[in-house]
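A.B. asks: Kindly return the folded structure for what I paste below:
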Amino acid sequence: MAQFYSAKRRVTTRLEVTVTVNDLDPFGQGVARHKGKALFVQGLLPQETADVILVEDKRQFARAEVKRRHNESLDRVAPACAHFGICGGCQQQHASIALQHRSKSAALARLMKHDVEEVISAAPWGYRRRARLSLNWQVKAQRLEMGFRQASGKEIVNLTRCPVLVPRLEALLVPLRQCLNDLDGARHLGHVELVLADNGPLMVLRHTAALVASDQEKLERFSHSEGLALYLAPQSETVERVSGEDPWYSSDGLRLTFSPRDFIQVNDGVNQKMVATALAWLDVQPHERVLDLFCGMGNFTLPLAKRAASVVGVEGVAELVAKAQDNALQNRLHNVTFFHENLEDDVTKQPWARQGFDKILLDPARAGAAGVMQYIVKLAAKKVVYVSCNPATLARDSEALLNAGYQIERLAMLDMFPHTGHLESMVLFEHK
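C.D. replies: Numbering: from 1, shown residues only. This next block holds a predicted model:
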């Protein structure tokens, strides 16, 4: 039988080559060149040379595994977590923070065709204030597994510690697993979400079968002993509070109340610096009107309202608009209004847009803001700050502003998720 070449087939000859890595991709893979195309090697860092074995060969790139490393990069560090390389949570713990910043900044600069002038970062460990942990009952062992999924599989990495979690949440891992393992309904648990608010930790437990009274009592006792608010989720969309107060966090000295599943930035230290930088870049004056698109519950909107004559926040999720309005009232800010709008529609036709805006900020989800960019151009603000969690959609959306005469004045990389492949950023556009 004839065998035809396929660009997607895996290598079966186990070809061995020697390569030197010259770059680091977001997933912690070293990038070398072999036969004119990119060769990705897990575990190698820039300036390291190694004998590698090709395991996959495609038309545009190839992948290889390390057989023997000949030297060690000055940026190689010992991973802080015993599960690194198995757990799917982190990809770059073997690389120094300096290298992580350089590689991410270089990737951002290439996409945006502009130098990165600033890296906004905070503590590289103990930063993650929100985590969703998978749960799985092992029938043979008669015990509960709790942790993150493996990097290349669906198996759960059973965690007892996690150095990227804020210490208050990391300290809950062992007692929480013990508590859940002792429940009669342990085999009917889906996942558990942990969040550290400024007024203490909270837990949301997803259960797929009704909890018996004794299990609910155990959970309530645990919540009181550990000082955390308890929420139960009998359906994926339903959250019921059992104990504790409404969680809140601060932004620019303001208190923002949120619900357990509302989006808040995972890294509080970077969020505080990010908000402060956006305010400095926009340089809002007391007589100006400011528009905040994709405003959520007011993370940027309310700090802007402390400085501007008036602020409009627009959000596509009605529940977040209501929460933003409540937060404005609680903080006694009366010069800010919020609207629930479809941001794919022409927002310039809305009554609140007719007076125009001096400055605009937008912070969209990963899909970006393609539908609204043409309307931002029509509003003709002097300055626009775009906060992005996806550099690819940021680069795409930026074209609309650049084509309309705006220029990139500042570009910053946000190290929101150290040791991972996430690349977040913030850009200041100005119309001369």
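A.B. asks: use CA for all of it now, contacts and neighbours both
C.D. replies: OK.
A.B. asks: can you map out the strands along the stretch 201-350 of the chain?
C.D. replies: With DSSP state E, counting those that start in this stretch, the ranges of strands along the stretch 201-350 of the chain come out as 229-233, 240-243, 248-251, 254-257, 289-293, 310-315, 336-340.
A.B. asks: Buried residues, the second one. List them.
C.D. replies: Neighbour counts over strand 240-243 (16 or more other CA atoms under 10 Å) mark Ser243 as buried.
A.B. asks: same question, stretch 33-49
C.D. replies: For stretch 33-49, using 16+ other CA under 10 Å, the buried residues are 39-49.
A.B. asks: Pretty sure Ser73 sits in a strand.
C.D. replies: No - judged by DSSP: H, G, I helix; E, B strand; the rest coil, Ser73 forms no part of a strand; its state is coil.
A.B. asks: tally of neighbours for it?
C.D. replies: Here the count is done by other CA atoms under 10 Å, and Ser73 has 14 residues near it.
A.B. asks: Help me confirm that it comes into contact with Thr49.
C.D. replies: No - taking CA atoms under 8 Å as the definition, Ser73 is not a contact partner of Thr49, at 9.3 Å.
A.B. asks: ok, Gln374 - contacts?
C.D. replies: For Gln374, the contact set (CA atoms under 8 Å, 6 or more residues apart in numbering) comprises Ala400.
A.B. asks: Roughly how far does it sit from Asp345?
C.D. replies: Per CA to CA, to the nearest Å, Gln374 is found 10 Å from Asp345.
A.B. asks: about what we covered before: okay, the strands of the stretch 201-350 of the chain, which one's buried deepest?
C.D. replies: Sort the strands of the stretch 201-350 of the chain by mean neighbour count, taking mean count of other CA atoms under 10 Å, and strand 289-293 sits at the top with a mean of 26.
A.B. asks: how much does that strand deviate in direction from strand 310-315?
C.D. replies: 10 degrees (axes from the mean of the first three to the mean of the last three CA atoms, to 10 degrees).
A.B. asks: Residues contacting strand 289-293, please?
C.D. replies: Residues contacting strand 289-293 (CA under 8 Å, 6+ apart): 300-301, 304, 308-315, 356-364.
A.B. asks: Stretch 312-331 too?
C.D. replies: By CA under 8 Å, 6+ apart, the list of residues contacting stretch 312-331 from outside reads 254-258, 262, 289-298, 301-302, 334, 336-343, 352.
A.B. asks: Check stretch 221-229 too.
C.D. replies: The contact list for stretch 221-229 (CA under 8 Å, 6+ apart) reads 172, 179, 200-203, 230, 241-245.
A.B. asks: how about the helices of the stretch 101-250 of the chain, start to end?
C.D. replies: Applying DSSP state H, counting those that start in this stretch to the stretch 101-250 of the chain gives helices spanning 167-170, 173-181, 213-226.
A.B. asks: The stretch 301-432 of the chain now?
C.D. replies: Here the stretch 301-432 of the chain has its helices, by DSSP H, counting those that start in this stretch, at 301-305, 318-330, 370-379, 391-403.
A.B. asks: Could you identify which of those helices is most buried?
C.D. replies: Note that of the helices of the stretch 301-432 of the chain, helix 301-305 is the most buried (mean count of other CA under 10 Å), with a mean of 25.
A.B. asks: in terms of contact count, name the helices or strands touching that one.
C.D. replies: helix 268-282, strand 310-315, strand 336-340 (3 or more CA pairs under 8 Å, 6 or more residues apart in numbering; DSSP states H and E).
A.B. asks: want to try TSV for these, with distance to Glu118 and mean pLDDT as columns?
C.D. replies: Shown next, in TSV, are the helices and strands packed on helix 301-305 (distance: least, CA to CA, whole Å; pLDDT from 0 to 100):
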stretch	distance to Glu118	mean pLDDT
helix 268-282	10	98
strand 310-315	27	97
strand 336-340	30	97
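A.B. asks: need the ones you listed in a markdown table with distance to Gln91, can you?
C.D. replies: Listed next are these as a markdown table, based on distance: least, CA to CA, whole Å:
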| stretch | distance to Gln91 |
| --- | --- |
| helix 268-282 | 20 |
| strand 310-315 | 33 |
| strand 336-340 | 38 |
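A.B. asks: can you list the weak-confidence ranges in this structure?
C.D. replies: 1-13 (pLDDT under 70).
A.B. asks: Could you break it into its assigned domains?
C.D. replies: 16-69, 110-123+267-431, 130-243 (automatic domain parsing).
A.B. asks: okay, the ones you listed in a markdown table with distance to Gln92 next?
C.D. replies: What follows is the domains of the chain, written out as a markdown table (distance: least, CA to CA, whole Å):
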| stretch | distance to Gln92 |
| --- | --- |
| domain 16-69 | 5 |
| domain 110-123+267-431 | 4 |
| domain 130-243 | 12 |
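A.B. asks: Among these, which comes closest to Phe84?
C.D. replies: Proximity to Phe84 (CA to CA) singles out domain 130-243 among the domains of the chain, at 9.3 Å.
A.B. asks: distance between the ends of that closest one?
C.D. replies: In domain 130-243, first residue to last residue: 19 Å (CA to CA).
A.B. asks: swap in stretch 329-348?
C.D. replies: So stretch 329-348: terminal residues 26 Å apart, CA to CA.
A.B. asks: Ok, stretch 206-215 next?
C.D. replies: 13 Å.
A.B. asks: now swap in stretch 222-235 and tell me
C.D. replies: 22 Å.
A.B. asks: same deal with stretch 192-211?
C.D. replies: In stretch 192-211, first residue to last residue: 15 Å (CA to CA).
A.B. asks: ok, back up a step: tell me which of the helices and strands packed on helix 301-305 approaches Asp415 most closely.
C.D. replies: helix 268-282 (7.2 Å).
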